[in-house]
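> next come a sequence and a model predicted from it.
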Amino acid sequence: MDFQGAGGTRSLIAARVAEARWVMDGTNPSTFDLRLPRAEIVLWVRMPRWICLIGVTRRWLKWRGAARPEMAEGCPERVSWEFVRYIWTFERKFVPRIEESLQEHGPGVPVLQIRSRAQMRTLLELLAARA
């Protein structure tokens, strides 16, 4: 949750998706009802948990105690058992709700799942070639 609270977040998201072009990040289904009806495609970066855990560990080793450049001021890099558990159980606990919400709020929206770094590189190369 951001500092605006749930209502402020929903109104901010509603305003953004009303625009002609937008990109939004996040798999929290609580705003899929706003985002999916206006989406042309969903890019779901769904890496295996071991890749996620390696990435978390690498970021922690590099930035521990400091905020990464892309993070908000005052958000130092840290790893907790709660976060590791979230990553480890994500597929079992959260993916079913995400998939249900995708079907409920965006049944005609194509979903492209990126499941490896090679697929991500290919997508980025294709997008760069079009730019």
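Looks like it came in fine.
> dump the residue contacts of Val42.
When contacts are counted by CB atoms under 8 Å, 6 or more residues apart in numbering, Val42 is found next to Leu36, Leu102, Gly106, Val109, Pro110, Val111, Leu112. Backbone N, C-alpha and C define where each C-beta goes, glycine included.
> by neighbours, which of those residues wins?
Neighbour counts for the contacts of Val42 (other CB atoms under 10 Å) peak at Leu36, which has 21 neighbours.
> thinking again about what came up before, which of the contacts of Val42 fall within helices?
With helices defined by DSSP state H, the entries of these inside them are Leu102.
> how would you label the residue positioned nearest the centre of the chain: helix, strand or coil?
Nearest to the mean C-alpha position of the chain, counting by CA atoms, centre = their mean, stands Gly26 at 3.2 Å. Following DSSP: H, G, I helix; E, B strand; the rest coil, the label given to Gly26 is coil.
> picking that back up, what is the nearest of the contacts of Val42 to Met120?
Distances from Met120 to those, taken as CB to CB, are shortest for Leu112 (11.0 Å).
> hang on, that closest one packs against Ile41?
Yes: contact status for Leu112 versus Ile41: in contact at 6.3 Å, counting by CB atoms under 8 Å.
> just to revisit the earlier point, redo the contacts of Val42 as CSV? Include distance to Trp81 and pLDDT.
What follows is the contacts of Val42, written out as CSV (distance: CB to CB, whole Å; pLDDT from 0 to 100):
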residue, distance to Trp81, pLDDT
Leu36, 33, 96
Leu102, 29, 96
Gly106, 34, 95
Val109, 35, 97
Pro110, 36, 97
Val111, 31, 97
Leu112, 32, 96
